[in-house]
Structure formats: structure tokens, C-alpha cells
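Asker: Dropping a prediction and its sequence here:
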Amino acid sequence: MKKTPSAAGSTKETSLKKFLNERKPMLDDVKHSIYLWKKTPLALIGTVIIGLFLLVALFAPLLAPYDPIATDLSRKLEAPSAAHPFGLDQFGRDVLSRVIMGTRIEVQIIFIISIISIAIGLIVGIVAGYFGGIVDEILMRITDIFLAFPRLVLAMAFAAALRPTLANAIVAISLVEWTVYARLARAEAIKVRSQPYIEAIKAIGASDFKIMMFHVLPMSISPVIVQLTMRMGTIILTAASLGFLGLGAQPPLPEWGAIVSDGRSYLMNNWWITAFPGMAIAITVLGFNLLGDGIRDILDPRIRR
Amino acid sequence: MQRRRGDLLDISGLKVVFDTYAGQVKALNGVELWMNHGERLGVVGETGCGKSVTALSVMRLIDEPGKIIEGNILFEGKDLTALSEGELNMIRGKDIAMIFQEPVAALNPVMKVGAQIVENIEWQRKSAAQERGSPLQTVQIMRDMLKFVGLDWQRTENLYPHELSGGMAQRVMIAMALSSKPKLLIADEPTSALDVTIQAQILNLLNSLVKETRTAVLLITHAMGVAAQFCDFIAVMYAGNVVEYGSLHAIFDNPLHPYTKGLLKAVPKIGRTDELQSIPGIVPDLIDPPSGCRFHPRCPHRGPACDKAQPRFEPVGGESEADRHHVACFLYQKDH
Amino acid sequence: MELGSFIIKRLSLMVLVIFGVLIIVFIVTRIIPADPVGAILGGNAPPEAVDAMRHQLGLDKPIFAQLVDYLGGIFRGNLGNSLVSSRPVITDILEYLPATIELAISSIIFAVVLGVTLGLLSAVFRNRFIDHFSRVFSILGISLPGFWLGLIMILIFYYKLGWLPSGGQYDMFVFPTRTTGLVLLDAMINGEWNVFFNGIKHLILPTFILGYSSTASIARIMRASMLDVLHQNYIRTARAKGLPKKVVILRHALKNALIPVITIVGLEFGGLLSGAVLTETIFSWPGLGRYIVNSLLTLDYPAISGGTIFIALMYSVVNLAVDILYAAVDPRMRA
């Protein structure tokens, strides 16, 4: 065999070089991703916003200048000032402190909804896709039924039926969100099921449960996570909408949607109660959407080329 | 301006680059190519050698991130690289038509094929400022063209592209391309995506049609055999350069460039007894191409000068002028 | 012919899904609530009253018998009586429905026209000013909470500038003649142009707020789809014919690029109905969305169930229509 001149000079490759050469496609891929990341400033902005959002949530009690719940009726509806940059609400509570403490509630909402909806979605999707046939048919028709409702309307109905509290709003949104992941997981499961190695594992006596747990599930996780990052903005918006309608977090909890709703009656003269928490929702959702877009773009083979 | 070498098309020093994330791809590195009216020129080379880029350059259809950075493309004396979009649109489709590798994908999926041919006929009339001709006349021309390429117009004109086989779709593309009576037809791998039996049919059809209409053809192909069957002249491309150019006879009977020789040895032939050979090595990375002659890393006759400078593209002495035999290799440079 | 069998298949699937919808609504309104009667009568009602109410609502029957009653009622077009207005729920719904239809139609028109235009320009003039503008406009559209933006708009255009009304379908001093229930249509039919222009003024903000996020989604899909189409081989063919860019885009690219947009429009309609709930609440729009919110807050179960079923039905019908339209537009789907 003839050697290409580039290889000719270095017949004795060090093992590290060899290793790096073998991994070159993978390394290039990571490099390419980082390159794309840098090329999309919007994704960077999204990352920064979400980073700040998480930091604020983590240090909320330290950052909030006042007690978000303590009322002081003597100073109600005070306009923004240096001491209270976001002003005071109708009970004399510091709006800035409420917005800051609200980040913790939003993080809770995202976190719990993600876990519940992904769990339901993965179970339904994997079982449907793996077993196929009648099981698939039934589970997918059930999914279709959930999809026949506009999401918010169904979440509202669940939330109201369960009694409007923050916890129930979280359950209600999860009961609507899982369909997204069920469809993804099903598609993955169908792909994995038809792989020859699954046949081989079955032949040596692996149980269906084991195959689903150790072969289908790991394959389904990554598309589900990617989808999740894109859905997070929507999740916050839905939770805030429920809060705004009075079907989610109840006063005095500083949930952002609920605060916007609080300020509604005072809109004309005391706009700050509405404006600032709404802006907080907008910026956070924007951050998640930018991040989600960035991830989608980076994974999109059409953009990669 | 330099002397025109071909009265239809004369490409000189054509350089095209594509800016990608990994760096600049130097796709064409000074392509030289020319042809006269009515001639059939085959451009042969491996995937990625720049054949298609050359063809698209002639149509000026190189898009971002690609651009022509140097060179001229003279078409009947007019430099296509200097024309505006509007001026180009007077030439595209009318004087130069093109057919592509994947005929089904090259047709608009939501338009009936008859309408797509009619559109071409109408547009070429309009751009030539000819009187419009009645719609009925136009439709008649479309039907004649479909007949001309061996299709039953009654069955075909109202079909959508996805309802056609690859061979039928390529016939439709040929009908469309020839409907404006172009002076030059560029055929970019017209048969590569088709079944072998269909390939021969399409080639034969193309052969008889261009003979009848005296249309010049620039045929892009990776198959030496196809080029040999169809063309009067052959240009062999390697890594963005034409390395050898000449009549069919010159290229096949007296190949000079080591790459051409390698290519010919790689063509299977009936009755051939010697072993089929492949050219060792791989097509170079055009982001960071080899210095000097781009073929030198794979060349069995590599000499000390080969990685220093690019060999000139020069006529081969001692052959008939009509053979136009040119080669770019230090083995044949007189001052070397 | 193939299209016919596709429609039949799709239709039978829809019937199945609608049946499931009814079951879910039944579960939500009858099973999950621990104590609907307590919710109606308040916590400290006398036991006899509770029993009487349970009997009146049929809640003392076994759950399966309740389901049969409920389904039977629905098939006879009887959704029960509202606990708040005491009128049949179906009468209430039919009264509120036209306002929602009017708002939804104007929003979807707004969203499609603006979304498609922005997406198209964005793709054609990629990385130029219009593209950047359209992308920022779009990402804001899917990020800004509509209920908040609506309030801010009211603050600006009603309280501060006084240009537009803060809510309602028309002013109190305007008395439209009700023919179809669609205010603008009625005004045109009856030649009440003062009503018409008054109605238009009231429609502007709600249409923008409701349509904005759909505009954004449509613009994003349209841009992506158009960019994809512009890279297709047949576009190269069209350009090789010497067609000017405008003709290539409008005749060859646009129709192909619109195909995926059609699906999105169907899905967006769901978002639109969700958004209508919020928009109608903010703008005191007398539609179905506000009716449902009020029913939920007052725990008016028959109204909740009727309203939710109606919304789901509308959504399913629109999606069916979109699927059929999709099949009709794309010749490849007909095979």
C-alpha cells in the first residue's frame, strides 16, 4: 500500500496522536458546534439571560431588598424610586422584591413540570413505540385526544377541577405537556426496536422491561431534552397565564403572572405593578426561546452543512 | 483581450471559491476550456473535482457562499462574468440551457410538467422581445417538444413531476431545455441518477437531438465511457483544474497526463485483459490543497518541481492542430 | 378519489377523538372535583340542601350512569343548564360564540398575511435589515406574554394616547342590529357604517394581541421553509430558464414554501383559541374564552364542560380542514 506523503513522515505515531486522529470527526463536530454557537450571538444572549435568571433564583433571598410578602398599607402604590426601583403595590409591598422572589417560583414550576411531563411522556411513548400494534394504537389515540384541546384551555380545566393552587397548576400543565415527549419517545422507540441488536438481546433472554429501560430509554433521552429546552418558554408562559387568570398561584405568592393580574386594576395610574413582573416574564421566556433556537440551529443538519 | 480560442465558449483562468466555516474552498483554480458551435465537449473527473462548479459558473448560478474571483467566460465573445443579472437572464434558458443530474428534483413539484415547459417557451419569447404568439401556439410547441423527446404528450403534459420516472423526467427536462433552441446545452451528469438501461436511451436521445438541432453540448460526467460515447472533445479535470484537454482521439489514444492515464486504466471494458486499476490516494482537500500541481501527492511520476509551482496548461507539440491537445504537467513542459 | 378516502379516514379518526374529548371533559368536571356541590353551595350548606342538589345534578347515581346521562344529553344537544345564568349552556355558548369567531378570523387573517410576508422577505433578503427586523419581531412575538402586552397596549393606546378603546366589541352608545351575531358582518349587511367603524376600532388591539404570537410562528416557519425551498434543485432550474428573481420566488418558490405553513396555521389555531381566553379577558370581549374563564372561576360545571367541548370541537374541525387543504395543495399528498 502506498502512503500519502503526509503520513509518510510519521510512521510511528504516538498513541495520543492516534487517539486524537480516531476521534477527529467527533472533535470536529464539537468544534463546529462551538463555532456555530459563537456565530449566533442570539443564542449567547439567551445563555446569559438564563444564567442570570438561575443565579437570581439561587440567591433570591440575598438579592431581594425587602420582604416580598410584608405589607405596609401606609405606603401603598408608591411610584418607583431609588429605594424601590419597581415601586410598591396596592399593599405597600416592594415590587422588585416580589419579582426577585418570583424567580424561585418560576424555577420550581419549570423543574417540576419538566420532570412530571417527561416521565409520563417517556413511559407512554416508549411503551407505545416498543410494543406497537394495538398498544400503540390505544396510547396514540389517547395522546390525540389530549392534543384535540388547545393546551391552555385543557390546563385551565384541569387546574380549576383540582382547585386553583400553584401545585395544582403545575400538575395541570404537566398533564398537557407530556404529549410532546410521548410522540418523540415513540419515534425513538420504533427506531430502536427495529435494530438488529435488539433481536439479539431478546434471543439471549432479555425481558421487554430491561430492553426498554436500558436500550430504548437512553436513546430517547437526548431528543427529549432538546425538545424540553425549546418548550421551557412556553411552560413559563402557560404557568403565568394560569396565574394571571387566577387559576394558578394564589396571593400572596409572588408568581409573576399573578402579580401582573394584581396590578391590572391599577393599570391607569400605577403601571409599575403590571409592567415590571410582565417584563420579567418576557425576558425569561425570551432567554429560553433564544437558547432553544440556538440549540435547534446547532443540531440542524441543514444549517450545519 | 486575448485571442478567442473557441467561437462559442472560451473559459480562461476561471477561479471560484466557497467560503465555509472551515475555511475557503478553492473549488476552481484557473480552469481553461473552450469549444465551437455545434461541438460536444465532455468534462470528466472524480466527484468534487469542480466539473459541476464549472458548469454552474457558465450559467452564472454560483450562489453565496461561492463566488467567481478571477477569470473570464466568453460566450460568443461576450464576457459572462461581467454581465448583470438582467443581462444574464437574456442568455440563460435562451442561448444556454441546462439539464441536471436528478431530473425529478429539478422539476417544480407543484406545477404540471406541461406548464413548466410552456413557461420556458413563453419567457424566452418575452425576453427576446418577440411577439408573444398565441397561447395555443405555445402549447403546440410544448406538445411538439414532448413528442420530439419521445413522450406521449397527451399522457404527460398534465402529470406532476412525482408521477414521472427518472427517465421520463429527464426527457421532460430535455424537451424544456431544447424548446428555446439554445446554442449551448449544459448537461450536468444527465444520466448518473438513472437506471443503466435508461441511461443509454437518454444518451442516444440526446445524441440524435443535438445532431438534428446542431446544438453544442457541454457534458459533465464522471464516467469516461459516457464521454467517449458522446463527445468530440474531452476535458479532464482534477481538483479544480483542467489537466488535459483534446479531441476524443487524442485523449484516448495518446493520454499524456498521469491522471488521465490513471482514469483510463480505471475504465472497465469488454475484452480487456489487463487488471482494472484504481488511482491510489484520495481527492485532495480543497480548503488546503497541495502546493504546486494539485495531483502531485498521488502522481507516480512525481518530480522535484511538482510541489513547487503549478504547471502551465500548454499545447502538446507534434500533433494536429485540430486535436487541440493541451496538458498541464511538468513532464511535457519544454523548458523543464 | 384518493382524497375522498383520505377525508373519510380522517373524519372517522376525528369522531373517535371527539368521543375521547367528551370522556376527558366528563372526568374533569365530574370525577376530579372532590365536591362540586360544596363548590356550588358553599362550605356550610345544610346536609339536606346538599343531598337535594346532588340529586338534582344526578350526582347520587353511580358514575357510569352519570356518564351515560351526560353523553345522552350531549347527543341530544343538551349541555345542561348553567349554574350561574340558569339558562341552557348551549344558548349561552351560541350567544358568545360569534364574538370569538370574529376575533379569531380577524387574528388569523392578520397573522397569515403579515407572517407570510415577513417570512418571505426575511428569507429572500437573508441577513439584511428586513430579515433582522423580522426575526427580532418574531422572537418577541413568541416570548412576550400576550396578557401583559395587551395591558401595556391598553395603557398606551387608551389611557395615555386615547386613540383606541380599552375593550368590548363596540361602544355603549352604539346599538348594532343582531343578524348573524358577527358584529362587523351585521353592520355591513344592515348598512350601519357607524357600527362598522366603531367595531373595527375595537377590533384592532385584540386582533394584534391575539394574532401576534401566531404571526411570529408563521413568519419563522415561512422563513425556514422558504430558505429550504430556495435551495431546491427546481429553483435552480427556474433560474436556469432565465426567469427574473421575482418570478422565481413568486411562481416557483412561494407555493412550495407555503405547504408547511398550512400545517402550522392549523396548529396555531389551537394557540389562537388558548390566546382568545386571555385576550378576551383583558379586552372584556364577550366571547367563549371569557365565558369559560368565568365559568371556571365560579365553578359552573355544566358551562365549563360545554364551553370546553365546544372549543375542542372547533379546534378539531379546523385541523381537519387544514389536513384536507394540505392534501389538496400538495399533489404529492394525493397519491
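Answerer: Yep, that arrived.

Asker: Below-threshold pLDDT in the chain: ranges please.
Answerer: With no chain named, the answer covers chain A. Counting by pLDDT under 70, the low-confidence segments of chain A come to A:1-14, A:20, A:22-25, A:300-305.

Asker: other chain: chain C
Answerer: In chain C, residues with pLDDT under 70: C:1-2, C:31-43, C:333-335.

Asker: can you count the residues close to residue 18?
Answerer: Going with chain A. The number of residues packed around A:Lys18, counting by other Cβ atoms under 10 Å in any protein chain shown, is 10. From N, CA and C alone the C-beta is placed, and that goes for glycine too.

Asker: um, chain C though
Answerer: Counted with other Cβ under 10 Å, residues neighbouring C:Ile18 total 17.

Asker: before we move on, what about A:Arg296?
Answerer: By other Cβ under 10 Å, 15 other residues sit near A:Arg296.

Asker: Just give the closest residue to it, not the sequence neighbours.
Answerer: Closest residue to A:Arg296 apart from its sequence neighbours, by Cβ to Cβ, 6 or more residues apart in numbering or on different chains: A:Met230 at 6.4 Å.

Asker: Check A:Leu286 too.
Answerer: Distances taken as Cβ to Cβ, 6+ apart place C:Ser143 nearest to A:Leu286, at 4.0 Å, with adjacent residues excluded.

Asker: ok, the one you found to chain B distance?
Answerer: In this view, C:Ser143 and chain B are 28 Å apart by Cβ to the nearest Cβ, to the nearest Å.

Asker: again with A:Ile298
Answerer: 12 Å.

Asker: Does that residue touch A:Tyr35 like I think?
Answerer: No: A:Ile298 is beyond contact range of A:Tyr35, at 9.5 Å (criterion: Cβ atoms under 8 Å).

Asker: follow-up on the earlier one: these two touch, right, the residue nearest to A:Leu286 and A:Gly278?
Answerer: No: shown here, C:Ser143 and A:Gly278 do not form a contact pair, counting by Cβ under 8 Å, at 11.5 Å.

Asker: between the two, who's got more neighbours?
Answerer: For C:Ser143 versus A:Gly278, the count of surrounding residues by other Cβ under 10 Å is larger for A:Gly278: 26 against 23.

Asker: how far does the one helix or strand the more buried one maps to sit from the chain's center?
Answerer: According to DSSP states H and E, A:Gly278 maps onto helix A:272-299. Relative to its parent chain, helix A:272-299 has a centroid offset of 11 Å by Cα atoms, centre = their mean, to the nearest Å.

Asker: Would you mind pulling up the elements that it packs against?
Answerer: Judged by 3 or more Cβ pairs under 8 Å, 6 or more residues apart in numbering or on different chains; DSSP states H and E, the packing partners of helix A:272-299 are helix A:24-39, helix A:41-58, helix A:95-131, helix A:217-245, helix A:256-263, helix C:129-143, helix C:146-153.

Asker: Show me the one of those that comes nearest C:Ile63.
Answerer: C:Ile63 lies closest to helix A:95-131 among the helices and strands packed on helix A:272-299, at 23.9 Å (Cβ to Cβ).

Asker: and the residue sitting nearest the centre point of chain C, what does it touch?
Answerer: Closest to where the C-alpha atoms of chain C average out (Cα atoms, centre = their mean) is C:Leu273, at 2.7 Å. Neighbour list for C:Leu273: A:Pro150, A:Val153, C:Thr100, C:Ala104, C:Gly289, C:Ile311, C:Met314, C:Tyr315 [criterion: Cβ atoms under 8 Å, 6 or more residues apart in numbering or on different chains].

Asker: again, 7 Å this time
Answerer: Contact analysis of C:Leu273 by Cβ atoms under 7 Å, 6 or more residues apart in numbering or on different chains lists A:Pro150, A:Val153, C:Ile311, C:Met314, C:Tyr315.

Asker: Just give the nearest non-adjacent residue to it, would you?
Answerer: Spatial nearest neighbour of C:Leu273, excluding adjacent residues (Cβ to Cβ, 6+ apart): A:Pro150 at 4.2 Å.

Asker: tell me the SS of B:Val104?
Answerer: What DSSP: H, G, I helix; E, B strand; the rest coil gives for B:Val104 is coil.

Asker: Determine the number of other residues adjacent to it.
Answerer: With other Cβ under 10 Å as criterion, B:Val104 counts 20.

Asker: got it, and the one 10 residues further on?
Answerer: One way to gauge burial is a neighbour count; for B:Gly114, by other Cβ under 10 Å, it gives 20.

Asker: correct me, but A:Leu184 touches A:Val224?
Answerer: Yes: A:Leu184 is within contact range of A:Val224, at 5.6 Å (criterion: Cβ atoms under 7 Å).

Asker: pLDDT weak spots in the stretch 201-336 of chain B?
Answerer: Using pLDDT under 70, the flagged stretches of the stretch 201-336 of chain B are B:268-276, B:334-336.

Asker: which bits of the stretch 1-150 of chain B sit near chain A?
Answerer: Counting by Cβ under 7 Å from any Cβ of the partner chain, the positions of the stretch 1-150 of chain B adjacent to chain A are B:Tyr21.

Asker: Now do the contacts for B:Ile198.
Answerer: B:Gly166, B:Gly167.

Asker: now do 8 Å
Answerer: By Cβ under 8 Å, 6+ apart, the residues touching B:Ile198 are B:Ser165, B:Gly166, B:Gly167, B:Gln170, B:Thr191.

Asker: Starting from the helix or strand it falls within, tell me the next helix or strand along the chain.
Answerer: Secondary structure assignment for B:Ile198, by DSSP H and E: helix B:196-213. Downstream of helix B:196-213, the next assigned helix or strand under DSSP H and E is strand B:216-221.

Asker: Can you name the element that comes right after that following strand?
Answerer: Once the chain leaves strand B:216-221, the next helix or strand it forms, by DSSP H and E, is helix B:224-230.

Asker: so how many other residues sit close to B:Asp285?
Answerer: By other Cβ under 10 Å, 13 other residues sit near B:Asp285.

Asker: How about B:Ile234: what's its closest non-neighbour residue?
Answerer: Take B:Ile234 and drop its neighbours on the chain: the residue closest to it by Cβ to Cβ, 6+ apart is B:Ile251, 4.4 Å away.

Asker: The helix or strand encompassing the one you found: which residues count as buried?
Answerer: Following DSSP H and E, one finds B:Ile251 within helix B:248-253. For helix B:248-253, burial by neighbour count (16 or more other Cβ atoms under 10 Å in any protein chain shown) applies to B:Leu248, B:His249, B:Ala250, B:Ile251, B:Phe252.

Asker: Can you list the buried residues in the following helix or strand past that helix?
Answerer: Past helix B:248-253, further along toward the C-terminus, the next helix or strand under DSSP H and E is helix B:258-265. Under the neighbour-count criterion of 16+ other Cβ under 10 Å, helix B:258-265 has B:Pro258, B:Tyr259, B:Thr260, B:Lys261, B:Gly262, B:Leu263, B:Leu264 buried.

Asker: so the residue in the stretch 201-336 of chain B positioned nearest to chain C bridges to which residues?
Answerer: Proximity of the stretch 201-336 of chain B to chain C (Cβ to the nearest Cβ) peaks at B:Leu218, 13.1 Å away. For B:Leu218, the beta-bridge partners under DSSP bridges are B:Leu41, B:Ile186.

Asker: tell me the contacts of it?
Answerer: By Cβ under 8 Å, 6+ apart, the contact set of B:Leu218 is B:Leu9, B:Met35, B:Leu41, B:Val43, B:Ala55, B:Val58, B:Leu184, B:Leu185, B:Ile186, B:Ala187.

Asker: Can you classify the fourth one as helix, strand or coil?
Answerer: Following three-state DSSP, the label given to B:Val43 is strand.

Asker: What about it, how many residues nearby?
Answerer: When neighbours are counted by other Cβ under 10 Å, B:Val43 comes out with 28.

Asker: likewise the last one?
Answerer: Using other Cβ under 10 Å, B:Ala187 has 28 other residues around it.

Asker: Tell me which residues touch B:Tyr332, please.
Answerer: Taking Cβ under 8 Å, 6+ apart, we find B:Tyr332 in contact with B:Leu256, B:Glu314, B:Val316.

Asker: Please report the distance of the closest residue to chain B within the stretch 51-200 of chain A from C:Ile259.
Answerer: In the stretch 51-200 of chain A, the residue found nearest to chain B is A:Ala187; the distance is 24.8 Å by Cβ to the nearest Cβ. Distance, A:Ala187 to C:Ile259, using Cβ to Cβ, to the nearest Å: 22 Å.
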